[in-house]
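Asker: the sequence and its predicted three-dimensional model are supplied below.
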Amino acid sequence: MNRELVFLRTFALATVIGVFFITTSAFKKMGNQRFNEIDVERINIVEKDGTVKMVITNVDRFPHGNDTINGRPTNDDRKKRSGMLFFNEDGIECGGFIYDGQKNENGHSAGLSLTYDQYDGDQVMQLLTTDFQQGDERIVSSGLTFNDRPSKESQLKTFEIMKELGELRKTNPKAMREKYKEYEKQGLVGGAVRVMIGKNRSENNGLFLFDDIGSPRAMFYVDKSNKAKLDFFDEKGEIIASFPEEK
């Protein structure tokens, strides 16, 4: 009995030492690990302090709804897509890259978007392409846009405002619009496209300039008939001058 007890104790101690050695050796191994191929649903790029700086994800694991990143809620109104999200040193989302595309009963729908955000706000620059097909008609637009954003905008406050306006829309759309204007005057919501370079839905390729409420004011473009044009607009969107003039 004593021999068996000594043996069992010795075996147990040797097993513990062996497992400890293997485990610590694995974690002490430093340097880059090399893989020929890896399949993964989501990768979080983090700093040493744990701050998430980038998320690379598939559709199912896209941050959404009840998910939090760096202690902050994520946008629960945003459609889940595969792509990447970027975060700054303060842990605040500051841009992203998303894409999708699939067939449907009418044809197909596809798109791609690369955005950079104002600090603690929404996008001030966007590279965007959309591709829709309905039957024999296909509409493709793509461009680089630059936007103005409200001066007092913050992501957490915007989440609160959008939820409030969403509830108002269900019961009183007029009150919702009035409330939106109040927040807009306070510099909390709003914004407008100011510059777009690319191809719009009218198949015009060129430079498009807008005023501070997003209305077109000048366009220099080549239309789908390959004619070069320069148009100027008033505040109502009416053309006030063109070159060359229509004959």
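Answerer: Received the coordinates, thanks. Numbers count the residues shown, from 1 in each chain.
Asker: any weak-confidence spans in the protein?
Answerer: Applying pLDDT under 70 to the chain flags the ranges 1-30, 247.
Asker: outline the domain layout of it.
Answerer: Domain segmentation of the chain under automatic domain parsing yields 37-147, 150-190, 191-247.
Asker: tell me the centre residue of the protein?
Answerer: Most central in the chain under Cα atoms, centre = their mean is Gly96, positioned 4.1 Å from the mean C-alpha point.
Asker: ranges for the strands of this structure?
Answerer: Assigned by DSSP state E, the strands in the chain fall at 42-46, 52-57, 68-69, 72-73, 82-87, 93-103, 107-117, 123-134, 137-148, 192-199, 205-210, 216-222, 228-233, 239-243.
Asker: I'd like the ones you listed laid out as CSV, including distance to Lys185.
Answerer: In this view, the C-beta of every residue, glycine as well, is placed from N, C-alpha and C. CSV is the format used below for those (distance: least, Cβ to Cβ, whole Å):
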stretch, distance to Lys185
strand 42-46, 39
strand 52-57, 35
strand 68-69, 31
strand 72-73, 26
strand 82-87, 30
strand 93-103, 26
strand 107-117, 23
strand 123-134, 21
strand 137-148, 15
strand 192-199, 15
strand 205-210, 20
strand 216-222, 23
strand 228-233, 25
strand 239-243, 29
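Asker: for Lys179, which of those strands is the nearest?
Answerer: strand 192-199 (19.3 Å; Cβ to Cβ).
Asker: direction included, what does the closest one pair against?
Answerer: According to DSSP bridges, strand 192-199 has the following sheet partners: strand 137-148 (antiparallel), strand 205-210 (antiparallel).
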